[in-house]
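**Q** kindly generate the corresponding structure for this input.
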Amino acid sequence: MPTTFDNALMGLRATGASVDIRDLVEFLARHGAEEGKLLATYEELASTTSNEGAKYLIGLILEDERRHHRLLAEMANAMAWGSTSGAPGPALPGISQGIDKELSAHTKRLREAEEADSRELRQFGKRLRPFADTTSWALIIDLMLLDTEKHATILRFLEKHGHSR
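**A** Next up, the predicted model:
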């Protein structure tokens, strides 16, 4: 059975990739294999634990780890094949310069909304301190804050790299 990174490794051979690209893709394949082992461990733990709270939280980790594994494979495919059009599997698309004014305006508004959401979640998190030892509520808010920062980071990237030069 082919591994998640076989398409990328095949792309290295098919495109005659540079040494630098070869090293990057091989690193991603090795890292992906290690992450695959972690993923299997999380899946086993989630399916065998009887602790519902732990199962729920491990499920959240599993969602992220599955996405990370997919992103690593898509990045390796894009690197190995040099474009998304040549890759036989999913690959990260390139970043084109220039976004239309409407998308640019939405991006800015969304980033501002994410930043406001972050401030509101921080305030709400403070109100959950009395429950920190008996619930996972504060943890969930902390995780949402991390996601909100991630969203704002993506939007800042689009603002920076999406404008016409």
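**Q** what's around residue 112, how many residues?
**A** If you count neighbours by other CB atoms under 10 Å, residue 112 ends up with 12. For the C-beta atoms, the positions are set from N, CA and C on the backbone; glycine is no exception.
**Q** repeat for residue 81
**A** Using other CB under 10 Å: residue 81 sits among 24 other residues.
**Q** likewise for the one 4 residues further on?
**A** Applying other CB under 10 Å, we find 8 residues neighbouring residue 85.
**Q** residue 49 versus that one, what's the distance?
**A** Distance, residue 85 to residue 49, using CB to CB, to the nearest Å: 44 Å.
**Q** in the protein, which spans are helices?
**A** Ranges of helices within the chain are 6-15, 19-48, 52-81, 101-127, 137-161, based on DSSP state H.
**Q** which among those helices is found nearest to residue 92?
**A** Nearest of those to residue 92, taken as CB to CB: helix 52-81 at 4.3 Å.
**Q** per the record, what domains does the chain have?
**A** By the assignment in automatic domain parsing, the chain contains the domains 6-81, 101-161.
**Q** how close does residue 92 get to residue 143?
**A** 25 Å.
**Q** so what's the residue of the chain most remote from its centre up against?
**A** Most distant residue from the mean C-alpha position of the chain: residue 130, 32.0 Å away (CA atoms, centre = their mean). By CB atoms under 8 Å, 6 or more residues apart in numbering, the contact set of residue 130 is empty.
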